[in-house]
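A predicted structure for the sequence below; I have some questions about it.
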Amino acid sequence: MLPPNDPRRISLNDEVHARPPDPLLTPCRLSCLALLSPPRQRGEERHAVSALCQRFGIEPPSPSANHYSADFGPFRLVFEMHTEFARFTFVAPANDDDAFAEPAVAAVPRDWLTALPGKVIAATHVVLVRDGAETSHEETAMRFFRGNQLIGSTIAGGAAIALTDLRIHEDGFGRILVKDRSLTSRQAGRMVQRLLEIDTYRMMALLALPVAREMLPFLAQCEQELTDIAEAFVGSSEQDEPRLLNKLTALEAAIAGRSSESYFRFGAAAAYYELVQRRITELREDRQHGLQTFRDFIERRLAPAMNTCRSVGRRQELLSSRVARATQLLSTRVDITRERQNQDVLRSMDRRAALQLRLQSTVEGLSVAAITYYVVGLVGYATKALTSVGIAINAEIAMGVSIPITAFLMVLGVRKIRRLVHG
């Protein structure tokens with residue numbers, strides 16, 4: 001009943017359903033791993049998931065799947081492929097009282113886990129328990145978070161409480177405790193997914209901070225070098241201009257090279273930071289007495305880092321434009337110098353041409369005289385020959401008369417030849 005589908009229709013429609021959160025039943029345990037891998041190793045994560053499926057006799061994901069979820073018995077695996085990282089989330093049931101004593105990742109084969117490709121950028125245990133007897137935040141911190149200062153809030157409009165210390169514990173994982181008050185299973189899945197995404201995306205955003213810090217000395221050095229070139233440019237002579245232009249060109253190339261390395265990282269950091277802010281908004285936080293909310297804590301810590309990255313990015317763009325303007329100015333001055341030199345060369349060529357014309361005119365005059373001399377001589381020989389055969393002609397008179405006639409004809413001939421050449 002319809003015309004043929006656009007080949008992109010199905011994939012674009014399904015994009016809004018990508019990476020859906022799995023429903024969670026309270027109580028349960030989750031362990032999440034986010035692994036960074038270089039572009040040349042992208043896809044090896046799917047091979048690892050397929051190997052695990054083969055070990056448990058489960059149908060593996062398709063070769064192009066960016067999301068995969070399956071029940072392996074002792075645990076459930078949710079696999080997600082992102083642009084820069086892959087995330088493995090393991091889900092297992094729990095008792096209300098065991099919390100972090102036995103994490104979900106403990107049910108995963110250890111040899112498979114250690115062989116996963118990539119480097120860990122985020123690792124978090126999440127425990128979803130029922131909100132039972134009232135306990136103070138200090139008691140919760142001492143029991144589950146080694147006494148660290150907690151941050152947290154009421155989320156989902158009061159349906160749960162989320163607590164964490166955002167620290168890495170002895171096992172290499174962070175910890176998030178979610179106390180379920182009245183969450184539905186799908187609501188629990190969405191809230192936990194958002195908490196995990198906040199933890200992962202804030203780490204991905206912070207990857208730009210070391211890049212920004214490494215750029216600061218380089219930018220300072222380039223700015224000083226540009227200042228030195230500008231000062232030398234003020235009092236430079238024509239002989240110094242090519243050397244200064246070479247320095248500016250090399251400086252511009254160095255800045256462009258470093259900019260290409262950091263451009264993607266700074267752009268990705270801005271995108272991840274926006275995702276963090278959006279996921280915090282989706283938590284629908286209400287403040288818990290005595291605790292900083294996720295928004296308060298993360299904004300206070302993450303916003304300055306992002307401001308640093310933006311500042312370095314703007315400084316880099318400004319420096320690049322300054323170098324480009326200086327290069328353009330110096331190039332203009334070099335062009336003007338070359339034009340002046342070319343004008344001098346043209347004037348010199350004009351002088352040479354005028355001299356050559358004068359010399360040519362002199363040579364033409366000498367040529368007319370020489371040809372006239374030879375023609376008159378021929379007239380003399382001719383008249384002498386005629387006299388010897390009986391025709392009485394005075395050779396001297398004949399030669400004298402032929403001189404102006406021959407010279408006049410030679411001048412006319414030379415002028416005609418010159419007009420033909422110029423034409």
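Looks like it arrived, so ask away. On a predicted model such as this, the values are computed, not experimentally measured, just so you know.

how many other residues sit next to D6?
Burial of D6 is recorded as 9 neighbouring residues (other CB atoms under 10 Å). The way it works is simple: take the backbone N, C-alpha and C, and place the C-beta from them, glycine included.

now it, what's its secondary structure?
Three-state call for D6 (DSSP: H, G, I helix; E, B strand; the rest coil): coil.

what confidence value was assigned to L283?
pLDDT recorded at L283 is 92.

which one is it nearest to, not counting chain neighbours?
I155 (4.6 Å; CB to CB, 6 or more residues apart in numbering).

so for the one you found, what's the pLDDT?
93.

which of the three states applies to L196?
Here L196 is helix, with the state taken from three-state DSSP.

and I403, how far is that from I397?
11 Å (CB to CB, to the nearest Å).

neighbour count winner among these two?
I403 (14 against 10).

thought Y374 was touching the more buried one, still the case?
No: between I403 and Y374 there is no contact under CB atoms under 8 Å: 11.9 Å.

quick one, domains of this protein?
Here the domain parsing of the chain from automatic domain parsing is 16-200, 208-344, 360-416.

ok, then the element right after the helix or strand in which L248 is found?
In the assignment (DSSP states H and E), L248 maps to helix 241-283. Remark: after helix 241-283, the chain's next helix or strand is strand 286-287, criterion DSSP H and E.

contacts for that next one?
S153, T154, I155, G157, G158, T293 (CB atoms under 8 Å, 6 or more residues apart in numbering).

name only those of these that count as buried.
S153, T154, I155, T293 (16 or more other CB atoms under 10 Å).

just put those in JSON lines and tack on secondary structure and distance to T227.
What follows is these, written out as JSON lines (DSSP: H, G, I helix; E, B strand; the rest coil; distance: CB to CB, whole Å):
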{"residue": "S153", "secondary structure": "strand", "distance to T227": "50"}
{"residue": "T154", "secondary structure": "strand", "distance to T227": "55"}
{"residue": "I155", "secondary structure": "strand", "distance to T227": "52"}
{"residue": "T293", "secondary structure": "coil", "distance to T227": "46"}
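
buried residues in stretch 78-96?
78-81, 84-92, 94.

now for those residues, which pair is the farthest apart?
E84 and A94 (31.0 Å; CB to CB).

part of a helix, is P304?
Yes: when classified by three-state DSSP, P304 is found to be part of a helix.

just give the number of residues close to it.
Going by other CB under 10 Å, the residues that sit close to P304 add up to 11.

and the gap between it and L209?
In terms of CB to CB, P304 sits 10 Å off from L209.

which residues of the stretch 51-200 of the chain fall in strands?
For the stretch 51-200 of the chain, applying DSSP state E, counting those that start in this stretch gives strands covering 67-71, 76-81, 85-93, 119-130, 151-155, 160-164, 174-180.

which among the contacts of strand 286-287 gets closest to D22?
For the contacts of strand 286-287, the nearest to D22 is I155 (18.1 Å; CB to CB).

looking at the domains of the chain, which is buried most?
Of the domains of the chain, the one with the most neighbours on average (mean count of other CB atoms under 10 Å) is domain 16-200, at a mean of 17.

any idea how far it is from the middle of the chain?
33 Å (CA atoms, centre = their mean, to the nearest Å).

cool, stretch 202-211 as well?
Taking mean C-alpha positions (CA atoms, centre = their mean), stretch 202-211 and its chain are 16 Å apart.

for that stretch, measure first residue to last.
Using CA to CA, to the nearest Å, one end of stretch 202-211 lies 16 Å from the other.

what do you get for stretch 28-44?
Termini of stretch 28-44 sit 29 Å apart (CA to CA).

coming back round to it: can I get the domains of the chain in TSV including distance to R352?
Compiled in TSV, these are given as follows (distance: least, CB to CB, whole Å):
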stretch	distance to R352
domain 16-200	63
domain 208-344	13
domain 360-416	12
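
how near is A253 to K247?
11 Å.

same question, E214
For E214, the distance to K247 - CB to CB - is 23 Å.

cool, and L2?
65 Å.

equivalent analysis for R258, please.
The value you get for R258 to K247, if CB to CB is used, is 17 Å.

quick one: the helix holding L248 to strand 151-155, angle?
Helix 241-283 and strand 151-155 meet at an angle of 50 degrees, taking axes from the mean of the first three to the mean of the last three CA atoms, to 10 degrees as the criterion.

hang on, the earlier thing: how about the domains of the chain, which one is nearest P7?
Across the domains of the chain, closest to P7 is domain 16-200 (CB to CB), at 14.4 Å.
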